[in-house]
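*Asks:* Here's a sequence, model it:
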Amino acid sequence: MKLNCDMGESLGSWTMGNDAEIMPYIDMANIACGFHASDPDIMSNTVALAKQHDVSVGAHPGYADLQGFGRRSIPHTNAQITHLILYQVGALQGICRLHEVNVDYIKPHGALYNDMMKDIELFTAVIEAAKQLQLPLMVLATNNSDYLHIAQQANVTLIHEGFVDRRYTNDKQLAARSLKGAVIEDIDELNNQALSLISGNRFNSIDNVPIQIDVDTLCIHGDGSDALAFAQHLRNVIGEQAK
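*Replies:* Okay, here's the model as predicted:
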């Protein structure tokens, strides 16, 4: 089981998250590409930090929405979605070349990620970008056979992701942040959900309905006040489960 985290989301002199402290505890860094957060210097510094700790680099493209931190849906045509992702991943690939590392996968950010998981045409546009770049795509693990078929047709590998610090709806989507209890802040609750995701056991949705999800990687958000403690704890949990 791999642990991934959204990173490189600072901008200029404004700092977001605890990248330097969290990086040693994760396996995969989803690095912002400049549209919802970050800038060339932040991107370069984050890639260098990932290389230092032997962490896999992933592109984290989003809608062009700095003010809304990429959490607002912006209408696009399917072609525009494909171009949006190609543009941002290309920028990160240029930075990675400087540091002699590769972009290993794509994970869309925020509203783009959520929209992709609810709109099969938009998902197909994202898949087209991944196909052209010949990169795996990280998606919300929902056991959706239609999405799997589209990816297989395009020869794109899907990395199925589970969230340990977010509640799920009954249909295995992420509960909106505006809902009470949607963000898990208690480490015991986080621990229980992490163990269920790792083992493939059922856990409760935000409405207390049992759900089960098969995942390849666990995600934490690096901007939470307890993100470092969560990362350290999860690193130990994953290590214990691997024994």
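*Asks:* quick one: Asp104 is in a strand?
*Replies:* Yes: per DSSP: H, G, I helix; E, B strand; the rest coil, Asp104 lies within a strand segment.
*Asks:* So it is in contact with Leu137, correct?
*Replies:* No: the pair Asp104 and Leu137 fails to qualify as a contact (Cβ atoms under 8 Å) at a distance of 11.4 Å. (C-beta placed from N, C-alpha, C; glycine too.)
*Asks:* These two: which has the busier surroundings?
*Replies:* With neighbours defined as other Cβ atoms under 10 Å, Asp104 and Leu137 compare such that Leu137 has more, 25 against 16.
*Asks:* Regarding the protein, what is its longest helix?
*Replies:* helix 78-99 (DSSP state H).
*Asks:* and that one, average pLDDT?
*Replies:* Mean per-residue pLDDT for helix 78-99: 98.
*Asks:* Tell me the helices and strands packed up against it.
*Replies:* Contacts defined by 3 or more Cβ pairs under 8 Å, 6 or more residues apart in numbering; DSSP states H and E place helix 78-99 against helix 40-52, strand 56-60, strand 103-106, helix 120-133.
*Asks:* Identify the residues contacting it?
*Replies:* 31, 33-35, 40, 43-44, 47-48, 51, 57, 59, 61-64, 76, 102-103, 106, 108, 112, 121-122, 124-126, 128-130, 132-133, 135 (Cβ atoms under 8 Å, 6 or more residues apart in numbering).
*Asks:* tilt between that helix and helix 40-52?
*Replies:* 60 degrees (axes from the mean of the first three to the mean of the last three Cα atoms, to 10 degrees).
*Asks:* Same question for helix 78-99: list its buried residues.
*Replies:* Using 16 or more other Cβ atoms under 10 Å as the burial criterion, the residues of helix 78-99 that qualify are Ile81, Thr82, Leu84, Ile85, Leu86, Gln88, Val89, Ala91, Leu92, Gln93, Ile95, Cys96.
*Asks:* any idea which of these is closest to Asp188?
*Replies:* Leu92 (36.1 Å; Cβ to Cβ).
*Asks:* tell me the contacts of the residue lying closest to Thr169 once chain neighbours are set aside?
*Replies:* Counting by Cβ to Cβ, 6 or more residues apart in numbering, Ala175 is the residue found nearest to Thr169 once chain neighbours are left out, at 5.4 Å. Contacts for Ala175 (Cβ under 8 Å, 6+ apart) come out as Arg166, Arg167, Tyr168, Thr169, Gly181, Ala182, Ser205, Ile206.
*Asks:* Tell me how many other residues surround Asp188.
*Replies:* Neighbour tally, Asp188, other Cβ under 10 Å: 8.
*Asks:* Then it would be within a helix, right?
*Replies:* Yes: under three-state DSSP, Asp188 sits within a helix.
*Asks:* Fine by me, thanks again.
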